[in-house]
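>>> For reference, the sequence and a predicted model appear below.
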Number of protein chains: 2
Amino acid sequence: MKISTLSIGDELLCGQLTDTNAGTIAAALLAEGLRIQRHLAVGDNDPDITEALNDLNRVSDAIIVTGGLGPTADDLTSRAAARATGRRLVINEEARAHARTMSGRLENLIVCPLNDKQAMIPTKSALIPNPNGTACGFHLMHDGCFMFFMPGVPSEMIVMLRETVIPFILERVPHKRVIRSVSLNLFGPCEAEVGELLLGIARQEQGLTLGICVTFPWMKVTLRAEADNDDAVNNLLAPAVSTARERLQEYCFSSGAVSMDDVVAELFRERCLTLSLAESCSGGLLSKRITDIPGSSAYFYEGIVTYSNAAKSRLLGVSAELLASFGAVNSECASAMAKGVRLASGSDLGLAVTGIAGPDGGCEEKPVGTVFISLAAADGCWTKRFQFSGSRDEIRTLTSWTALDWLRRYLLKKE
Amino acid sequence: MKISTLSIGDELLCGQLTDTNAGTIAAALLAEGLRIQRHLAVGDNDPDITEALNDLNRVSDAIIVTGGLGPTADDLTSRAAARATGRRLVINEEARAHARTMSGRLENLIVCPLNDKQAMIPTKSALIPNPNGTACGFHLMHDGCFMFFMPGVPSEMIVMLRETVIPFILERVPHKRVIRSVSLNLFGPCEAEVGELLLGIARQEQGLTLGICVTFPWMKVTLRAEADNDDAVNNLLAPAVSTARERLQEYCFSSGAVSMDDVVAELFRERCLTLSLAESCSGGLLSKRITDIPGSSAYFYEGIVTYSNAAKSRLLGVSAELLASFGAVNSECASAMAKGVRLASGSDLGLAVTGIAGPDGGCEEKPVGTVFISLAAADGCWTKRFQFSGSRDEIRTLTSWTALDWLRRYLLKKE
């Protein structure tokens, strides 16, 4: 079954609002083995909506429309739907009663006329109940194509989609295909390197596809299998995923929705180790990411953001001579910070970051993006120099990812 | 000129990635008085891309395409573009040289063959330079329609759009309407309150519209004027903006792209005051936001993230008895932290945050979302209790916004 989505709203076409409904619908359908063929967005005006419906009708068996069913004058979807399908627009008593009930007014009070507008539905349509809002949706069949119309409010739309639209479609899909996907999350390699590592894994002709999605500074590799039944899908997917894992090795930090921060948190809990942080150029970002995770107080003692050299000496015990002679951005200072915060806090691990996030402050020897990361533990202290590039924000983001990835790789070895 | 956008990528049609390029392009064009007519998204497959290009060609004078120009096998846009426009796909030497340079390899070393794929461009096309990535874009004219092809990576796309695509289109627009908008950024009021405050300001029939966009936890109010020339636009816009500013008063922290963090940074610079932070539940988020701003080392001394009570005593001098008797989430502890960090660091201001970000740790008296913020300065120490609601992430975000807004309001009074 070829399914399209259509989002309606001027705010989507002037960049004021990002269209999240398209993605929500796509994900909900995919979980049922249904795919979106194309997604279209047009503004709140009659000719564009009508034309969009006609165009999508030509290439789709079903169209899922969101937006433009509101109570105000700029909401034109019902009228355009009637026009595009050669129907009249009439008051639907059930939809009117629903709008009255939902707007919390009693039958014998004056009903706001704007809400009656939400009860105007094309003839020969069936209602889509909306438990969370005043505007009912509706669906109809035109020219061999099912058309579903729902409000654009995400919290209303998703319930209507799940309770009415998806079951309706599933009943009419003759041969349901099973689609399943597994995503692996990577940090470290560039896209071309991942492409080379995974060469030959996808077998499109058998229904196994591979997608690589770069979301700075990490990457998501998705293997998706499509077949007639569960077994066939698993037989396609499982060996491909295990081959991919083998080839990607430690680049792969997690699968699915598990973030790098989650992985590091889980490892700290499993290994029963504790952490303190000393941050200069990352300015608290690393502490923020560690404490984003609920329960982090179990392994995180403290984070010291030492922006001034005085703070580096007073709080971390970095020697004033070292700072005076060589400055704060060097291997010695990084390891003194890591050891200092570990010692002062009594944590098992001390991690320190010092560098030049820019845009100013670089020099020939240490350009913007020079970052030293140091990890102090009972079994040693290791310090590395990194050269990142990009904006201040990108350099700080890369710094925090690199530091967390280092913690992850260290903790993985501590079984 | 009728302009459409086309986003290409399987990840957009399975809900894995939200398409932000469509909105970015729309906003950038609107700033130049150009509107998007429709936006289409299709997956990474030849027939869909070809059909999409043909369909949009029929209704558009220009199509701006993003995505599918990457180095891997699932990136098919160039081939589909060639097919849809009846061109051959050939190696473009300029694009190849660019890809080689950008991938940081020398000419005489082996070039990764996948990057050569990015140099395959349809004949009779012009390159769109990409200063930030390996894949050049290209544009061509087919059947009366300009088609622009760019990579989907947002940071690469936006530069190519601004530097090449928009100037190219503007040169070819016969009658330009002037559209100008001013956005005011608000923190504090709810949407309904802003709606009431701004009642009657928009005058749609004259070309002056008002949009309110809620972006948790702040809000953007956009006044947009459209007319034939600069003067008419300014005569509509200027008085409306000044009325809006008067009515919104201190709710409005900035206009345009100036963030709350920028405003606070600018005030610290202007007032020549310095800051240190003591954070518990915000876990470094506040330090991170302060140090997001280049040059923050001029007024920011240090941030202490004290997750353990031991750290609160050792680093901030909070009395162990207080912590033992009343815990860390109370007004006394917050003010001790603020005074403690101010004293230890020698900064003019000390700001402290302690609270319960959840999801666990709340009780009847102090439910999740209870947050104490304290500001210590030469002229006094003030502490307030807040009750936020939402997820851990939302509570931490609200905490950091409220603290920064407090700093802003304090600094505004210190002229």
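Cool, the structure landed. Numbers count the residues shown, from 1 in each chain, chains lettered A, B, ... in the order given.
>>> where are the low-confidence patches of the stretch 101-250 of chain A?
A:103-115 (pLDDT under 70).
>>> Who are the contact partners of the residue in it that chain B sits nearest to?
Residue nearest to chain B within the stretch 101-250 of chain A: A:Gly195 (4.0 Å; C-beta to the nearest C-beta). Bear in mind the C-beta positions are built from the backbone N, C-alpha and C, glycine included. Remark: with contacts taken as C-beta atoms under 8 Å, 6 or more residues apart in numbering or on different chains, A:Gly195 is in contact with A:Ile212, B:Pro71, B:Thr72, B:Ala73, B:Leu114.
>>> Pop out the phi and psi values for A:Gly68.
Dihedral pair for A:Gly68: phi 80, psi 20, per degrees, to the nearest 10.
>>> what helix or strand is the residue of the stretch 101-250 of chain A closest to chain B on?
Assigned by DSSP states H and E, A:Gly195 falls within helix A:191-197.
>>> before we move on, what about A:Arg180?
Using DSSP H and E, A:Arg180 falls in strand A:178-186.
>>> For that strand, enumerate its sheet partners and note whether each is parallel or antiparallel.
Strand A:178-186 has its sheet partners listed here by DSSP bridges as strand A:218-227 (antiparallel), strand A:252-255 (antiparallel).
>>> which residues are in contact with it?
Contacts of strand A:178-186 with the rest of the structure, by C-beta under 8 Å, 6+ apart, involve A:30, A:33-35, A:194, A:218-230, A:232-234, A:237, A:241, A:244-245, A:248, A:251-256, A:258-260, B:14, B:16.
>>> again, only this time at 6 Å
Residues outside strand A:178-186 that contact it (C-beta atoms under 6 Å, 6 or more residues apart in numbering or on different chains): A:33, A:219-227, A:229-230, A:233, A:237, A:241, A:251-256.
>>> Would you map the strands across the stretch 101-250 of chain A?
A:120-122, A:126-128, A:137-142, A:145-150, A:178-186, A:208-215, A:218-227 (DSSP state E, counting those that start in this stretch).
>>> Report the residue ranges of every domain in chain A.
Domains of chain A are assigned by automatic domain parsing as A:3-172, A:178-255, A:260-413.
>>> Format those as CSV; extra columns: distance to B:Leu404.
Shown next, in CSV, are the domains of chain A (distance: least, C-beta to C-beta, whole Å):
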stretch, distance to B:Leu404
domain A:3-172, 24
domain A:178-255, 25
domain A:260-413, 13
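>>> of all the ones you listed, which lies closest to B:Ala99?
Checking these against B:Ala99 by C-beta to C-beta gives domain A:178-255 as the closest, at 9.8 Å.
>>> so how far is the first residue of stretch A:25-44 from its last?
End-to-end distance for stretch A:25-44, by C-alpha to C-alpha, to the nearest Å: 20 Å.
>>> Does it reach chain B?
Yes - using C-beta under 6 Å from any C-beta of the partner chain, stretch A:25-44 reaches chain B at A:Ala26, A:Ala27, A:Leu30, A:Ile36, A:Arg38, A:His39, A:Leu40, A:Ala41, A:Val42.
>>> Quick one, which of the residues you listed are buried?
A:Ala26, A:Leu30, A:Ile36, A:Arg38, A:His39, A:Leu40, A:Ala41, A:Val42 (16 or more other C-beta atoms under 10 Å in any protein chain shown).
>>> Of those residues, which is the nearest to B:Ala344?
Relative to B:Ala344, the closest of these is A:Ala26; by C-beta to C-beta it sits at 52.9 Å.
>>> so what's the closest one up against?
By C-beta under 6 Å, 6+ apart, the contact set of A:Ala26 is A:Ile36, B:Leu13, B:Cys14, B:Gly15.
>>> That one belongs to a helix?
Yes - assessed with DSSP: H, G, I helix; E, B strand; the rest coil, A:Ala26 lies in a helix.
>>> So for it, what's the nearest residue that isn't a sequence neighbour?
Computed as C-beta to C-beta, 6 or more residues apart in numbering or on different chains, the closest residue to A:Ala26 that is not its neighbour in sequence is B:Gly15, at 3.9 Å.
>>> May I have the secondary structure class of A:Ser335?
Three-state call for A:Ser335 (three-state DSSP): helix.
>>> Enumerate every residue touching it.
By C-beta under 6 Å, 6+ apart, A:Ser335 lies in contact with A:Ser374, A:Cys381, A:Thr383.
>>> can you do 8 Å?
A:Ser335 makes contact with A:Ala352, A:Ser374, A:Ala376, A:Cys381, A:Thr383 under the criterion C-beta under 8 Å, 6+ apart.
>>> Around chain B, which positions in the stretch 251-400 of chain A sit nearby?
Counting by C-beta under 8 Å from any C-beta of the partner chain, the stretch 251-400 of chain A comes close to chain B at A:277, A:279, A:282-288, A:290-292, A:294-297, A:300-308, A:310-311, A:314-315, A:344-346, A:357-360, A:392-393, A:396.
>>> now the strands: where do they sit in the stretch 251-400 of chain A?
Assigned by DSSP E, counting those that start in this stretch, the strands in the stretch 251-400 of chain A fall at A:252-255, A:275-279, A:300-306, A:349-355, A:370-377, A:380-387.
>>> okay, those in CSV with mean neighbour count next?
Shown next, in CSV, are the strands of the stretch 251-400 of chain A (neighbours: other C-beta atoms under 10 Å in any protein chain shown):
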stretch, mean neighbour count
strand A:252-255, 19
strand A:275-279, 30
strand A:300-306, 28
strand A:349-355, 28
strand A:370-377, 24
strand A:380-387, 14
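>>> Make TSV from those and add distance to A:Arg100 to it.
As requested, the strands of the stretch 251-400 of chain A are exported to TSV (distance: least, C-beta to C-beta, whole Å):
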stretch	distance to A:Arg100
strand A:252-255	49
strand A:275-279	58
strand A:300-306	54
strand A:349-355	60
strand A:370-377	62
strand A:380-387	64
